[in-house]
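A.B. asks: Turn this into a model:
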Amino acid sequence: MANEHLATYLNDHLAGSVVAVELMQSLESSHENTPVATFVRELRGDIEADQKQLQRLMSSLEITESRTRKASAWLTEKLTALKLRFDDSEDGNLRLFESFEALSLGIEGKQSLWRALSAAAEISPELRILDYGVLQQRAQEQRDRVESKRIEVARKILAARSK
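C.D. replies: Numbering: from 1, shown residues only. Prediction:
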């Protein structure tokens, strides 16, 4: 069934999940033994579970994982980490805030993926192997959790200081 557009779209999202997992591993490492590391570790487990669902769908549709996109995702994560390090070399709250923002936007993209596949599955039986409603709900719950943390950090770093 693997049409070229679907293969490209799914591989793009798989690559995005690779970037997210790498970013979360970096956050866990830099915030070791803190509540941030615990939060990110739990979130990473959820993201990896969704990544496996995407890989399951791709396998079912006989869509090969793009090595080029995976390599590009790895490089993107490294460039993102470098950018974040320039913004906040001390591994502080600005880096944490920007990392949470990137994760939040990525999760929104994943929710859009599930929504689009759900719509396509209405006319394409081959896509009906995943429960897109459950996946969309999980993505919303993940995004809500990340947004809560992002806003918590935003209060610390973006509030104007009165003199």
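A.B. asks: Now the element after the longest helix along the chain, going C-ward?
C.D. replies: Looking across the chain with DSSP state H, the single longest helix is helix 93-121. Beyond helix 93-121 on the C-terminal side, the first helix or strand identified by DSSP states H and E is helix 132-157.
A.B. asks: helices or strands up against that next one?
C.D. replies: For helix 132-157, the elements it packs on are helix 35-60, helix 93-121, judged by 3 or more CB pairs under 8 Å, 6 or more residues apart in numbering; DSSP states H and E. C-beta coordinates here come from the backbone N, C-alpha and C atoms, glycine included.
A.B. asks: one more time with 6 Å
C.D. replies: Helices and strands touching helix 132-157, by 3 or more CB pairs under 6 Å, 6 or more residues apart in numbering; DSSP states H and E, are helix 93-121.
A.B. asks: mean confidence for the helix it packs on?
C.D. replies: Helix 93-121 carries an average pLDDT of 95.
A.B. asks: how far does it sit from the chain's center?
C.D. replies: Distance of helix 93-121 from its chain centroid, counting by CA atoms, centre = their mean, to the nearest Å, is 6 Å.
A.B. asks: In that helix, which residues are buried?
C.D. replies: 93-100, 102-104, 106-108, 110-111, 113-114, 117-118 (16 or more other CB atoms under 10 Å).
A.B. asks: Report the angle between it and helix 35-60.
C.D. replies: Following axes from the mean of the first three to the mean of the last three CA atoms, to 10 degrees, one obtains 30 degrees for the angle between helix 93-121 and helix 35-60.
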